[in-house]
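> Quick one, what's the 3D model for this:
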Amino acid sequence: MRNKELSQLTDSQKKAVLHRDGPLLILAGPGSGKTRVITHRIAALIDSGIYPGNICAITFTNKAAEEMKQRAIVLGASAGAHISTFHSLCVRILRRHAEYTHIKPNFTIYSESEQRTCMRHAVKDCNLEASNFPPARMLDAVSMLKNKLIEADAFQEMADDFFSKSLAKLYNRYQQILCENNALDFDDLLLYTAFLLERNDEVRQQLGTRFKYLLIDEYQDTNHAQYRIAKALVSSHNNICVTGDPDQSIYRWRGADISNILAFEKDFPGATTVKLEQNFRSTAAILEIADRLIAENINRKEKTLIPTVTSEGKVEITVSEDESDEAESIAEKIAELADRKVSLKDIAVFYRINASSRPLEEAFIKHKIPYQIVRGVEFYNRKEIRDILAYLKILVNPSDEVALLRIINTPARGIGKTSIERIKAYASSNNLMLYDAMKKAANIESLGNTQKTKIAAFIDMIENLTKDTDGTVEPLAENVFKLSGMEAALKAAADKDAVDNVTALIDASVIYDKSTDQPGLLDYLQQIALFSDTDTYDTAQDRVALMTLHTAKGLEFENVFIIGAEQGLLPHERSSENDDELEEERRLFFVGITRAKLRLNISCARYRTYRGQLMRTIPSEFLFELGVPFSAEGKNEESSDAENEYEPSYDTSDSDIQFCYNQLVRHKKFGLGRITQLIDLGENSTVTVRFNSGKTKTLMLKYANLETIDI
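Reported below is the predicted structural model:
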């Protein structure tokens with residue numbers, strides 16, 4: 001590799017970049033330049049004589065993959081190397097090797113709303129009640145099974161109680177519906193690929209020969225299926241390089257398994273491990289509290305964040321009266337930053353749940369602060385967008401009955417429910433797809449001549465549009481909008497927003513056409529299907545970014561606000577009795593903190609509205625782990641009036657609290673420990689206990705059932 005480029009790397013980065021053969025684990029702390037390492041490693045492999053087409057680099061978001069491609073281009077190392085997300089790689093493998101599966105290469109990838117439609121049909125077909133088996137929850141259950149690579153038939157054999165047996169029926173019927181529609185859900189992409197690689201020696205060997213060097217970014221976020229895919233791809237050569245950080249594993253709820261990265265050296269004996277500990281993003285003050293926080297976790301690999309930024313940073317903890325006061329305070333602080341000529345795109349506000357954005361939006365509107373909510377998949381859930389995408393899906397996959405039923409009479413063209421049921425009956429009795437039955441509408445005796453004419457006109461329109469699916473997408477999407485009657489119908493309804501939304505979709509297809517060497521409708525629909533929240537973040541807009549802590553992963557801002565640092569919110573209430581989930585919540589907070597480059601403000605409120613009621617809150621136990629004193633006025637101070645401090649109250653003579661500072665106590669789950677902090681909030685009083693196990697817990701006294709120990 002060129003000496004000039006090597007000289008710009010740290011010793012640890014250089015070691016990772018120049019490693020050639022065999023397994024390599026790169027433990028990369030936040031802001032440590034891991035993307036630079038991956039792209040430079042690709043360049044180094046090519047410089048050493050490796051053919052670019054033998055290199056496969058995988059990451060988790062389209063935005064990250066695109067950034068990696070652009071950086072590789074700068075290094076002159078992109079041509080021929082495969083750089084994509086895990087799901088995109090799986091789509092490519094399945095389309096190319098579809099003959100070894102029961103799917104056709106033109107399969108549709110179903111969105112969450114389409115998956116729910118299929119599951120609703122499955123619940124109905126299995127004669128189960130949706131109230132007892134909610135489709136969304138059943139989809140979550142099926143998703144977890146697929147992530148563990150448990151197929152429907154295998155789960156049916158395992159099921160031994162009423163719920164499991166019912167879920168097994170739903171799983172089977174749901175998969176049948178997907179198969180009938182020649183469709184896959186997101187989890188199928190991984191499951192089908194994993195089993196294809198493990199069960200077909202020819203395909204596995206072919207891909208192992210093609211991808212002689214596999215690089216996986218964000219390895220801590222891989223689930224069991226992705227782990228098995230990776231193992232299969234490198235089974236013949238073990239040239240695998242994974243980059244990640246156990247301290248940033250935050251997707252357990254969707255199947256991510258932190259043990260994949262923790263056990264890498266065991267899975268790949270003789271692996272080389274390189275730690276990237278120097279941080280090029282955040283100030284020392286920010287990294288110091290991040291280190292203190294994450295040190296409370298047990299499931300991690302020890303490392304230290306070493307600051308290289310010399311700027312003086314600012315960390316502030318603010319306590320507000322309620323969520324409105326909190327939002328108002330943040331809006332005022334942002335207005336002050338704007339007055340100091342700080343760009344709004346360098347400011348972000350993070351929260352644990354999406355519902356927390358409402359007070360912020362109200363405050364920003366009041367103060368005329370431009371903002372963007374980074375929750376982009378919402379755009380694709382709008383009715384008019386789902387309608388036009390359904391038209392496009394039918395053009396490449398006529399088997400997609402979900403899409404077909406959506407557009408048969410959208411906009412209204414006189415093909416009503418009765419006609420559709422008669423077509424369905426004809427299709428069923430003649431073992432035809434619904435689309436093929438519509439093509440034979442002239443033979444359906446139960447349909448009147450007027451209905452046959454309308455159906456024939458619809459089919460003619462679709463057939464004519466189908467001729468243009470191999471090529472640029474923009475003119476095709478424009479034709480669909482006009483010829484389907486959607487444009488005229490929306491304009492007649494004076495629905496300007498809907499017209500603007502479809503226009504925005506068509507405009508986006510222009511960008512796709514220009515950025516793709518071989519544009520095509522199937523590939524375009526695939527990109528939309530694999531779209532994520534983070535992919536919608538527009539860095540060009542001078543607006544404050546509002547997003548969840550999960551969405552913030554992989555981003556960075558000069559100024560970060562994290563709101564709602566309260567028990568039950570951050571950490572989330574469901575983590576209270578589970579150590580693994582509590583550690584994940586701490587990692588999530590760690591991720592949020594380490595997005596900040598210069599200034600960090602963390603806030604909590606004394607009261608917050610919960611299910612319509614204003615409730616007293618308890619400061620997050622994580623706040624006490626940061627090592628930053630904070631007062632009721634929200635100012636960091638070495639000392640201040642005791643009555644304003646959010647510090648332990650040791651004088652409990654006038655209260656009903658039976659505990660005191662430094663008291664030895666026993667918890668039925670955590671064992672022996674000593675009280676290090678006590679906050680008198682009446683019936684909601686809390687204690688922080690340092691247990692002998694090394695763990696520190698903040699507990700609400702009325703639920704903790706602590707036992708005092710006399711010495």
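
> contacts and neighbour counts: CA atoms only from here.
Fine.

> just for the stretch 251-400 of the chain, where's the confidence low?
Residues of the stretch 251-400 of the chain that meet the criterion pLDDT under 70 lie in 376-378.

> how about the strands of it, start to end?
In the stretch 251-400 of the chain, the strands defined using DSSP state E, counting those that start in this stretch lie at 272-276, 278-279, 306-307, 314-320, 347-351, 371-373.

> Which positions in the longest one come out as buried?
This points to strand 314-320. Neighbour counts over strand 314-320 (16 or more other CA atoms under 10 Å) mark Lys314, Val315, Glu316, Ile317, Thr318, Val319, Ser320 as buried.

> Mind listing the strands it pairs with, and their directions?
strand 596-605 (parallel) (DSSP bridges).

> The partner strand to strand 347-351, inter-axis angle?
Here strand 596-605 runs at an angle of 40 degrees relative to strand 347-351 (axes from the mean of the first three to the mean of the last three CA atoms, to 10 degrees).

> Surely Glu316 touches Leu600?
Yes. Using CA atoms under 8 Å, Glu316 is in contact with Leu600, at 6.3 Å.

> So Ile462 is in contact with Val396, correct?
No. Ile462 lies out of contact with Val396 (CA under 8 Å); the separation is 10.4 Å.

> which one of the strands of the stretch 251-400 of the chain is the most hemmed in?
Among those, ranked by average contacts under mean count of other CA atoms under 10 Å, first place goes to strand 347-351 (a mean of 25).

> Show me which residues of stretch 178-195 are buried.
Neighbour-count burial for stretch 178-195, counted by 16+ other CA under 10 Å, picks out 178-179, 181-195.

> got the contact list for Leu75?
Thr39, His40, Ala43 (CA atoms under 8 Å, 6 or more residues apart in numbering).

> now, among these, which is nearest to Thr617?
Nearest to Thr617 among the contacts of Leu75: Thr39, at 46.0 Å, using CA to CA.

> pretty sure the closest one belongs to a strand, no?
No. Read with DSSP: H, G, I helix; E, B strand; the rest coil, Thr39 is helix and lies in no strand.

> now it: how far from Leu215?
In this view, Thr39 and Leu215 are 10 Å apart by CA to CA, to the nearest Å.

> Give me the pLDDT value at the closest residue to Ala442 other than its chain neighbours.
Once flanking residues are discounted, Ala442 sits nearest to Lys452: 5.9 Å by CA to CA, 6 or more residues apart in numbering. With respect to pLDDT, Lys452 has a value of 93.

> for the one 5 residues further on, same thing?
Looking at Ala457, its pLDDT reads 94.

> next SSE after the stretch of helix or strand it belongs to?
Applying DSSP states H and E as the criterion places Ala457 in helix 449-466. Downstream of helix 449-466, the next assigned helix or strand under DSSP H and E is helix 474-483.

> Could you list every helix and strand in contact with that following helix?
Helices and strands touching helix 474-483, by 3 or more CA pairs under 8 Å, 6 or more residues apart in numbering; DSSP states H and E, are helix 383-396, helix 449-466, helix 496-515.

> Generate CSV for these, with mean neighbour count and distance to Thr698 as supplementary columns.
As requested, the helices and strands packed on helix 474-483 are exported to CSV (neighbours: other CA atoms under 10 Å; distance: least, CA to CA, whole Å):
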stretch, mean neighbour count, distance to Thr698
helix 383-396, 20, 45
helix 449-466, 16, 62
helix 496-515, 16, 47
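
> Any idea which of those gets closest to Cys118?
Taking CA to CA, helix 383-396 is the member of those nearest to Cys118, at 14.8 Å.

> what angle do the closest one and helix 496-515 make?
Using the same axes, to 10 degrees: helix 383-396 against helix 496-515 is 40 degrees.

> re the thing from before, which ones among the buried residues of stretch 178-195 map onto helices?
Using DSSP state H, the subset of these located in helices is Leu178, Cys179, Phe186, Asp187, Asp188, Leu189, Leu190, Leu191, Tyr192, Thr193, Ala194, Phe195.

> hmm, back to that, closest one of the contacts of Leu75 to Asn559?
Asn559 has its nearest neighbour among these in Thr39, at 27.6 Å by CA to CA.
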